[in-house]
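Participant: Dropping the sequence and predicted coords here.
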Amino acid sequence: MTFKFGNSLPVSHPVNQGLVKASERIAALTNGSVKMRIFPNNQLGSDTDMLSQVRSGALEMLSTSGISLAAFVPVAAIGATGFAFSGYERIWPAMDGALGAYVRDEIAKVGVTPMRRMWDNGIKHITTRGRPVHEPKDLEGLKLRVVVSPITTSLFQSLGAAPLAINFGEVYSALQTGIADGQDNPLATIEISKFYEVQKYLAITAHNWDGFWLIANRRFWDRLPNDVRTIVGDELDKSALEQRQALQSIAVSLEATLSDRGMIVTRPERTAFENKLRNSDYYSGWRDRFGATAWRILESAAGVDL
């Protein structure tokens, strides 16, 4: 048995490195009878394309971010709520616990089966070219590139910025030419993409987080023999834990690395940003969209009243 696993990430990304290890273990544990073929870097199309393929059965499995999956399952973006989580000590108990279980139940309603553990995409921070970010007023009018996502766009609109939805492949050029003044991404992405060449300031805002859901076409998943389904699920979950640790370890050293590359690092106080959001309709609006039950689970997991 051979099945396809697609994603939009580069071959060198820790997710694909983890998938290769899981694939090797799956093959070994099934004596070579089950092979997972990995198609990275949008080889099978965009995230939206691959989501449609998984739902139809043209593609067996996919890893995609919560904010991308939100096009089909709106509550999948709840983990990316601005300034909800203080750090990984809150994120993983939430996503491995009640909040993740709630989202998995919602994902299952659209004809796919999610794996139990999410993989890490990273905690996001802001880089800018013309001025450092110390407090919310420093974002006012800033042309900030963001991922194409309503929850991210509304976050920065509520903070006074002018968010620009630009495809990732065009971000470096947009920053270089001044189309965008800044952008937000995890430290690993900032380093790998060499944004330090076209950005002067790095603000450690930790304003939101997103992870990757691994999902399978339900008909494919249900047809697997029980022992094979257990092996595939367990090995993917094992690699999820390894990938989380690897990405977190990398992030610890990257702030110093980016500083050495010439970036000026600031550490804004979170409270001012949180208060500005509370004084807007950001939290109330997303509470209405996600639903009261999901929002209560988020607040309990995050340990805050949003």
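Facilitator: Here it is on my side, so go on.
Participant: my guess is Ala162 contacts Val146, does it?
Facilitator: No. Checked against Cβ atoms under 8 Å, the pair Ala162 and Val146 is beyond contact range at 10.2 Å. Where C-beta positions appear, they are placed from N, C-alpha and C, glycine not excepted.
Participant: Show me whatever sits in contact with both of these two.
Facilitator: Common neighbours of Ala162 and Val146, using Cβ atoms under 8 Å, 6 or more residues apart in numbering, are Phe156.
Participant: Which of these two has more residues huddled nearby?
Facilitator: The residue with more neighbours, out of Ala162 and Val146, is Val146; 23 against 14, by other Cβ atoms under 10 Å.
Participant: what separates the more buried one from Leu159, distance-wise?
Facilitator: 11 Å (Cβ to Cβ, to the nearest Å).
Participant: cool, Asn208 as well?
Facilitator: Taking Cβ to Cβ as the measure, Asn208 falls 11 Å from Leu159.
Participant: Those two: which is more packed in?
Facilitator: Leu159 (25 against 22).
Participant: Beyond the least confident helix or strand in the chain by mean pLDDT, next helix or strand please.
Facilitator: One helix or strand of the chain scores below all others by mean pLDDT, DSSP states H and E: helix 187-192, with a mean of 90. For helix 187-192, the following helix or strand on the C-terminal side (DSSP states H and E) is strand 201-217.
Participant: quick one: Asp305 and Glu299 touch, right?
Facilitator: Yes. With contacts counted by Cβ under 8 Å, Asp305 reaches Glu299, the gap being 6.0 Å.
Participant: Which residue of the two possesses the greater neighbour count?
Facilitator: Glu299 (17 against 7).
Participant: so that one is in which element?
Facilitator: Assigned by DSSP H and E, Glu299 falls in helix 292-302.
Participant: Could you do Lys4 as well?
Facilitator: strand 2-6.
Participant: Tell me which residues of that strand come out buried.
Facilitator: By 16 or more other Cβ atoms under 10 Å, the buried positions in strand 2-6 come out as 3-6.
Participant: who does it touch, helix- and strand-wise?
Facilitator: In terms of contacts (3 or more Cβ pairs under 8 Å, 6 or more residues apart in numbering; DSSP states H and E), strand 2-6 is packed against strand 35-39, strand 61-65.
Participant: Can you list the neighbours in contact with the helix or strand that it is followed by?
Facilitator: From strand 2-6 onward toward the C-terminus, using DSSP H and E, the following helix or strand is helix 14-29. With contacts defined as Cβ under 8 Å, 6+ apart, helix 14-29 is touched by 5, 7, 9-10, 34-38, 40, 63, 119-120, 188, 212, 231-232, 235-236, 238-240, 242-243, 246-247, 250.
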